[in-house]
Structure formats: structure tokens, C-alpha cells
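1. I'll drop the sequence and a predicted model, then ask my questions.
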Amino acid sequence: MAVLTTLYGAVLSNVVVLPLATKLQTHLTNQRLRVQMVIEGALLLHHKEFPTRIERTLRHYVAALPIREGERIVQLAERAA
């Protein structure tokens, strides 16, 4: 019985929990980067920086985002301009 429950625990850990933890960690990292981007943009707006400097600063964050997400943000920015 002990060997069977150990086997179940090992399978459950490697098949369900580990991939879920990896996906959650990636999501939290991306979320943290987005929040930093919003804060940086708000601070630059508050300091009345030039729009080109704000855009240049925020594009550094877009380059750090994953490809799919970064493309979406750039498309939204181009559509807004």
C-alpha cells in the first residue's frame, strides 16, 4: 500500500503539479513586468516627459515581454497612434 501511494504521489507531482507551478511562475513574472511598465509610464506622465521618451522607455518593456504578448501591445499602440 505504501509503495502504491508513493507512486501515485510521484506521478501526480510530475504530471500535474510541476507543469502547473511552472505556468503559474511564468504568468506571475509577466504580470510583474506589466505592472512595472504601467508604473513607469504613469511616473513619466506625471513628470511631464516628452512623448518620444515615454515611448522609448516603454518599448524596452515590450521587448522584454514574451513574443506573442509583445506583438499584441505593439499592435494596440500603433492602432491608438
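-> Yep, that arrived.
2. For Lys23, give its distance to Ile39.
-> 25 Å (CB to CB, to the nearest Å). The C-beta positions use only the backbone N, C-alpha and C, and glycine is treated the same way.
3. now stretch 55-69, how far from the centre of its chain.
-> 10 Å (CA atoms, centre = their mean, to the nearest Å).
4. same check, this time on stretch 28-38
-> 5 Å.
5. For Leu20, give its distance to Lys48.
-> As for Leu20, its distance to Lys48 is 44 Å (criterion: CB to CB).
6. So for these two, which sits in the more crowded spot?
-> Leu20 (10 against 7; other CB atoms under 10 Å).
7. Next up, the contacts around that one.
-> For Leu20, the contact set (CB atoms under 8 Å, 6 or more residues apart in numbering) is empty.
8. confidence score at it?
-> As predicted, Leu20 sits at a pLDDT of 89.
9. give me every residue that touches Val35.
-> Applying CB under 8 Å, 6+ apart to Val35 gives no contacts.
10. Which of the helices or strands spans it?
-> According to DSSP states H and E, Val35 maps onto helix 18-46.
11. buried residues in that helix?
-> 33, 37, 41, 44 (16 or more other CB atoms under 10 Å).
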